[in-house]
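K.L.:
sequence plus predicted model, see below.
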Amino acid sequence: QLRLVESGGGSVQTGGSLNLSCEASGRTIEGRTFSDYSMGWFRQAPGKARELVAGISWSGGSIHYVDSVKGRFTISRDNAKNTMYLQMNNLKPEDTAVYYCADMERANWGQGTQVTVAS
């Protein structure tokens with residue numbers, strides 16, 4: 001099983017920054033590891049559907065963002081460290097949600113980390 005653990009969430013004021021990390025360990029039954037997967041950061045706000053915030057290919061060469069975070073969030077990964085990151089700047093109250101890391105096949109998920117942005 002590919003285990004994913006998020007960290008770095010917290011409470012900040014509007015305009016503040018947070019850097020989320022997602023550390024991976026293990027491998028799937030098929031023998032796949034973190035570096036074999038395109039990965040993504042998802043978020044779910046209360047009463048709303050879970051949405052993909054940012055995605056990154058296995059090599060890091062292809063990246064995409066949802067329009068609402070473009071220019072403010074930066075996704076990256078370090079395959080040598082089995083870790084993915086999400087640098088979040090200029091945070092807004094509407095960014096408040098539980099943030100999850102997962103592979104883009106949505107087969108493996110972390111437990112989530114809460115991000116709260118106060119106005």
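P.N.:
Great, that's in hand.
K.L.:
confirm Gly15 sits in a strand?
P.N.:
No: read with DSSP: H, G, I helix; E, B strand; the rest coil, Gly15 is coil and lies in no strand.
K.L.:
show me where the protein has strands.
P.N.:
Assigned by DSSP state E, the chain shows strands spanning 3-7, 10-13, 18-25, 39-44, 51-56, 63-65, 73-78, 83-88, 97-103, 113-118.
K.L.:
so can I have TSV of those showing mean pLDDT and distance to Thr33?
P.N.:
C-beta here means a position set from N, CA and C on the backbone, and glycine is covered the same way. Output for the strands of the chain, formatted as TSV (pLDDT from 0 to 100; distance: least, CB to CB, whole Å):
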stretch	mean pLDDT	distance to Thr33
strand 3-7	98	11
strand 10-13	98	29
strand 18-25	98	8
strand 39-44	98	12
strand 51-56	98	16
strand 63-65	98	20
strand 73-78	98	13
strand 83-88	98	13
strand 97-103	97	11
strand 113-118	98	22
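K.L.:
nearest to Arg32, of those strands?
P.N.:
For Arg32, the closest of the strands of the chain is strand 97-103, at 8.8 Å, according to CB to CB.
K.L.:
if we can go back for a sec, got TSV for the strands of the chain, with distance to Arg32 too?
P.N.:
Shown next, in TSV, are the strands of the chain (distance: least, CB to CB, whole Å):
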stretch	distance to Arg32
strand 3-7	13
strand 10-13	31
strand 18-25	11
strand 39-44	12
strand 51-56	16
strand 63-65	21
strand 73-78	15
strand 83-88	15
strand 97-103	9
strand 113-118	24
